[in-house]
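1. Structure for this input, please:
(2 chains, ligands or ions: 1)
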Amino acid sequence: MSKEKFYKKFVLREDMQELEQKLDYNPYYAKISSGLSDPLIINGEEYVNLAANNYLGLAMNPKVMEHAKKAMDRYGISLCGTPIATGSIDLYQRMQKRLANFVGVEDVIILPSCYQANNAIFMAILTAHDVVIVDHYAHSSLSEGIKATKCKIRPFKHNDLQSLEKNLKVSASNLDEKGHIFVVTESVFSTEGSIAPFAEMVKLCEKYDAIPLIDDSHGIGVLGKNGNGILSHFGLDKGNYSGIYTTSTGKALATVGGIIGGPKKFIEYLKYYCSHLVYSTAISPINLGALEMILNILEDDSEYKKISDQMWRYRNMLADGLKAVGFKLADGPAPIVSIKAGDSIETLLLAKAFYKQKILTTPFIFPSVPLDGGVVRLIAMTTLKEETIERVLGVLNEVFIDHESWVKGWKK
Amino acid sequence: MTREEITSKVIDIIKNCLENKNITITTSSLLVEDLSLDSFAAIMILNDLEDEFHLTVGDDAFDGFKNVDNIVSLIQNMLNEKEKAG
Ligand SMILES: Cc1ncc(COP(=O)(O)O)c(C=O)c1O
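-> The predicted structure follows:
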């Protein structure tokens, strides 16, 4: 095949470009010229940011930024080496201990992102003998990691214990001697804010001798005692969880990074045999510095309570306001507010109606969600000003009306 | 097994795998447009077909398939092959 032909295969589909023209709107890759401040600056104009996963508002926290600067002054921008070489600074090692202790596992490794961590873990441990039973709606980083191996994949219905047990039964009866069964899920599903029934899932794993793996990316910082995450939320953090744990530190923990946690000896093995760790430049010391202060803040009971109370208060104000004007919500128990918007067009039109009011949201369309299951996700970070939330609540009715009439117009 | 019997089993299996219980499934239902099948939903259905019909189908067996009828044909062909092989 010629080079021209090859590149022709990889152009955005024309109907997508046509769609963008018809909608006169593209929600993706907005040109943002500020940090996660209130307001957010897009193309020189002020917007309300309801799109970032900065749940606790720590991304621009002055204490965190100051601590990150100190780490930068001491260690520079990059260690220009992997953790097995020059990346293994004392700060990295200190943060390994603190993160392990914080989430409730024996030990962790820290990678530059959780996408990398979730790819890494499966590629490091799975063989053709293994079976992975995985939630149907697992994040791309998990599903792509699993698909990259030779294991048998058995998706189960979303958060459905019956479907999980059926798969455990079949897998256990067909398993060869060298194989293991893994059960993979997320703590909080980020498009709808539902929480996995993880305590029951761990019990089922025990019954069938399977190893659980949970991705706590949207649970850490928001669930559990001091935002310690899903293990604390279900009381599994007192040394009684022997499964595998991963999380992003790029959401409530407001930095960039991913961790893999588990039993000490297992993590010791990964330190030498996890290719994505051993052959990739270590996480930046600036991130580690910021993370250290973020854990200080979360571990301070009164400070954490103040921030998390504000997070839930804004979440509830937003959810109540949306319901009051007629929106239907996915209404999961996490601090994520997701509006059920319909098909892809209806979803994009809703994001556009918010955008018209200078509010940035996150639309999810097929294949991230089912065809008719589009949602527009709103996350109100704690550092939004009170008047900003009031302004948002004040325009919701107009957003609703605009959306209805645009959808009608589109369908004609 | 007759085509009708296979069809009814295939539709039952698909129904059991869909997150949305309210979708009506017929042989002409389109896999993506009507049933919203993503790659994991397809694998879920394939696993159940393998268990039900005692076949080894493979995770990419639906590649290029449009509707439920294509799946029924696949299963019918595989069952015929299996019978021939004895
Ligand atoms: C559930 C889940 N897991 C993993 C990731 C990837 O994490 P990271 O951004 O640290 O690569 C994300 C999103 O970014 C996520 O939502």
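2. helix or strand for A:Val132, which one?
-> Under the criterion of DSSP states H and E, A:Val132 resides in strand A:131-135.
3. For that strand, which outside residues touch it?
-> A:122, A:126, A:142-143, A:146, A:151-156, A:158-159, A:164, A:167-168, A:171, A:174-175, A:179-186, A:196, A:210, B:40 (C-beta atoms under 8 Å, 6 or more residues apart in numbering or on different chains). Heads up, the C-betas are built off the backbone N, CA and C, glycines and all.
4. got it, and stretch A:75-95?
-> Here stretch A:75-95 has contacts from A:71, A:109-110, A:271-272, A:277-286, A:288-289, A:291-292, using C-beta under 8 Å, 6+ apart.
5. same thing with stretch A:220-240?
-> Counting by C-beta under 8 Å, 6+ apart, A:55-56, A:102-106, A:187-188, A:195-196, A:198-199, A:202, A:214, A:216, A:219, A:241, A:245, A:247-249, A:251-253, A:298-299, A:301, A:304, A:308, A:311, A:334-335 sit against stretch A:220-240.
6. Show me where chain B has its helices.
-> Counting by DSSP state H, chain B has helices at residues B:3-17, B:39-53, B:68-85.
7. Can you say which of those is nearest to chain A?
-> Among those, helix B:39-53 comes nearest to chain A, with 4.0 Å by C-beta to the nearest C-beta.
8. hmm, back to that, and the ligand, is the strand holding A:Val132 touching that?
-> No. With C-beta under 6 Å from any ligand atom as the criterion, the ligand is not reached by strand A:131-135; the gap is at least 10.6 Å.
9. Quick check: residues of chain B near chain A?
-> B:17, B:19-20, B:32-33, B:36, B:38-41, B:43-44, B:47, B:51, B:59 (C-beta under 8 Å from any C-beta of the partner chain).
10. if we go to 6 Å?
-> B:19, B:36, B:38, B:40, B:43-44, B:47 (C-beta under 6 Å from any C-beta of the partner chain).
11. Could you give me the PyMOL selection string for whichever of the contacts of stretch A:75-95 are buried?
-> Those of the contacts of stretch A:75-95 that count as buried under 16 or more other C-beta atoms under 10 Å in any protein chain shown are selected in PyMOL with:
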select buried, chain A and resi 71+109+110+277+278+280+282+283+284+285+286+288+289+291+292
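12. what residues are up against A:Gly57?
-> A:381-383 (C-beta atoms under 6 Å, 6 or more residues apart in numbering or on different chains).
13. Cross the residues you listed against helices and list the overlap.
-> Checking the contacts of A:Gly57 against helices, none of them qualifies (DSSP H).
14. What is the nearest of these to the ligand?
-> A:Met381 (16.0 Å; C-beta to the nearest ligand atom).
15. give me the number of residues near A:Glu20?
-> 15 (other C-beta atoms under 10 Å in any protein chain shown).
16. Find the nearest non-adjacent residue to it, please.
-> Using C-beta to C-beta, 6 or more residues apart in numbering or on different chains and skipping residues adjacent in sequence, the residue nearest A:Glu20 is A:Asn26, 4.8 Å away.
17. I'd guess the one you found is in a helix, am I close?
-> No. Assessed with DSSP: H, G, I helix; E, B strand; the rest coil, A:Asn26 is coil; it does not lie in a helix.
18. Distance check, it against A:Arg377.
-> 17 Å (C-beta to C-beta, to the nearest Å).
19. out of the two, which sits in the busier spot?
-> Ranked by neighbour count (other C-beta under 10 Å), A:Asn26 and A:Arg377 place A:Arg377 first, with 22 against 15.
20. any idea of the pLDDT on the closest residue to chain B within the stretch 51-200 of chain A?
-> Proximity of the stretch 51-200 of chain A to chain B (C-beta to the nearest C-beta) peaks at A:Pro155, 4.0 Å away. For A:Pro155, the pLDDT comes out at 98.
21. Let me see the contact set for the residue nearest the centre of chain B.
-> Central residue of chain B (C-alpha atoms, centre = their mean): B:Ile71, 4.3 Å from the mean position. Applying C-beta under 6 Å, 6+ apart, we find B:Ile71 in contact with B:Val10.
22. gap between it and the ligand?
-> In this view, B:Ile71 and the ligand are 31 Å apart by C-beta to the nearest ligand atom, to the nearest Å.
23. Most proximal residue of the stretch 251-400 of chain A with respect to the ligand?
-> A:Gly258 (4.7 Å).
24. Contact partners for that residue?
-> Neighbour list for A:Gly258: A:111, A:113-114, A:116-117, A:248 [criterion: C-beta under 6 Å, 6+ apart].
25. 10 Å instead?
-> A:108-121, A:141, A:215, A:217, A:246-250, A:276, A:283 (C-beta atoms under 10 Å, 6 or more residues apart in numbering or on different chains).
26. Can you select the buried ones among the residues you listed for me in ChimeraX?
-> The following ChimeraX line selects those of the contacts of A:Gly258 that are buried, judged by 16+ other C-beta under 10 Å:
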select /A:108,109,110,111,112,113,114,115,116,117,118,119,120,121,141,215,217,246,247,248,249,250,276,283
